[in-house]
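1. My questions concern the predicted model and sequence given below.
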Amino acid sequence: MEFNAGGTEGNERLTVVAGYLLFVGLAVLGLTIVRIGQLLWLHLFLGLALIGPVALKLTSTGYRFVRYYAADPRYRAKGPPAPALRTLAPLVVGLTVIVFATGVILLFVGPADGLRPKLVLIHKVSFIVWIVFTAVHVVGHLPELLRTERISAQTRREIGALRAEVPGFGGPAEPPLKGPLPGAGGRRLSLAGALVVGLVLAAALIPQFSAWTEPGVPALLHHHRVH
C-alpha cells in the first residue's frame, strides 16, 4: 500500500478516515461489554475484524512519524503534532497492542486454561486505561480533524508553504494543489483492504468461538471483576 499517496495531505486524509472507522467500531465493541453474556460472540468477531483497520491506522501514523524524523522536507514543513500528543502516542500504541494481543491469546487458550484469569485481568485493565488515554488522544487531535473537514487541501498546502519559509522547518513544502487530491483510489483500496483482512480473519476464526460461547462461560466472564 502507498501511505504517501497525495503527499502529506493524502497521508493525513487516510489517517483521519481510518480513525473515524476505528472510532465507530471500537464504540460498538465497547457497548458489547455492557451485555457480554449475550454479546460475547459479537465482541469476539468485532475484536478480530478491527485488527485490519488498527494495523492500517498504526501504519499510516507510523509512516508520518518515520518521514518526519527522517527529515523529509514535506513532513518537516507540515510540522509535528503537539508535544503532549507526541508523548501520549507511544502509550496509546502500546495499550492498543496489549488490548488486541491479549484478546487474541485468550481466544486461543480457551476459558479452561489456567492462564485465563490473569489474561482476562490484563485485557480488562489495559482496555480501561486505553479508553482514558485514547479519549485524551482524540480530544487533542480534534482541532486537526475539524481543520481537515473545514479547510481545503489546497489551502493547507499554501499554509505549509508559508511555514516552510521559517528556519527550522526543514525545507520546501509540497507545491499547492491543482485539482483534486491525488491518490484517492489508493486510499480507498487501503481502507477496503484493511476491512476485508479483518473480516476474513474474524470469519476464519469463528470455530474458535465455540469454547467461549458454551453455556456458563459468558456468565463467568461477566462476573469476573477487576480488583
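-> Thanks, I have it. Numbering: from 1, shown residues only.
2. Where does pLDDT dip in the chain?
-> Scanning the chain for pLDDT under 70 picks out 1-6, 141-181, 215-227.
3. at 50 what do you get?
-> Scanning the chain with the threshold set as pLDDT under 50 gives 1-4, 166, 169-170, 225-227.
4. pull the longest helix from it.
-> Taking DSSP state H as the criterion, the chain has its longest helix at helix 116-150.
5. just checking, what packs against that helix?
-> With contacts taken as 3 or more C-beta pairs under 8 Å, 6 or more residues apart in numbering; DSSP states H and E, helix 116-150 sits against helix 7-34, helix 83-109. In this view, the C-beta of every residue, glycine as well, is placed from N, C-alpha and C.
6. closest one to residue 53 among those?
-> helix 7-34 (5.3 Å; C-beta to C-beta).
7. So for that closest one, what gets flagged as buried?
-> By neighbour count with 16 or more other C-beta atoms under 10 Å, helix 7-34 contains the buried residues 7-19, 21-22, 25-26, 29, 32.
8. again, but for stretch 93-107
-> Buried residues in stretch 93-107 (16+ other C-beta under 10 Å): 93, 95, 96, 98, 99, 100, 102, 103, 104, 106, 107.
9. Check stretch 49-63 too.
-> 49, 50, 51, 52, 53, 54, 56, 57, 59, 60, 61, 63.
10. next one: stretch 75-82
-> Buried residues in stretch 75-82, counted by 16+ other C-beta under 10 Å: 75, 76, 77, 78, 81.
11. Now do the same contact list for the closest residue to residue 21 other than its chain neighbours.
-> Leaving aside its chain neighbours, residue 21 sits nearest to residue 53 (5.3 Å; criterion: C-beta to C-beta, 6 or more residues apart in numbering). With contacts defined as C-beta atoms under 8 Å, 6 or more residues apart in numbering, residue 53 is in contact with 18, 21, 22, 25, 191, 194, 195, 198.
12. how near is the second one to residue 38?
-> When distance is defined by C-beta to C-beta, to the nearest Å, residue 21 is 25 Å away from residue 38.
13. next one: the third one
-> Look at residue 22 and residue 38: by C-beta to C-beta, they are 24 Å apart.
14. do the same with the fourth one
-> Using C-beta to C-beta, one gets 19 Å for the distance from residue 25 to residue 38.
15. now swap in residue 135 and tell me
-> 26 Å.
16. With residue 68 instead?
-> 45 Å.
17. Likewise for residue 99?
-> 22 Å.
18. Pull the number of nearby residues for residue 66.
-> 12 (other C-beta atoms under 10 Å).
19. Would you agree residue 107 is in contact with residue 41?
-> No: with contact defined as C-beta atoms under 8 Å, residue 107 does not count as touching residue 41 (11.6 Å).
20. Identify the contacts common to those two.
-> residue 209.
21. hmm, back to that, among the buried residues of stretch 49-63, which lie within strands?
-> Using DSSP state E, no member of the buried residues of stretch 49-63 sits in strands.
22. Mind putting these into TSV with distance to residue 183?
-> Formatted as TSV, the buried residues of stretch 49-63 follow (distance: C-beta to C-beta, whole Å):
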residue	distance to residue 183
49	25
50	24
51	24
52	20
53	19
54	22
56	15
57	17
59	15
60	12
61	17
63	13
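23. Mind checking which of those residues are in helices?
-> Short answer: these in helices (DSSP H) are 49, 51, 52, 53, 54, 56, 57, 59, 60, 61, 63.
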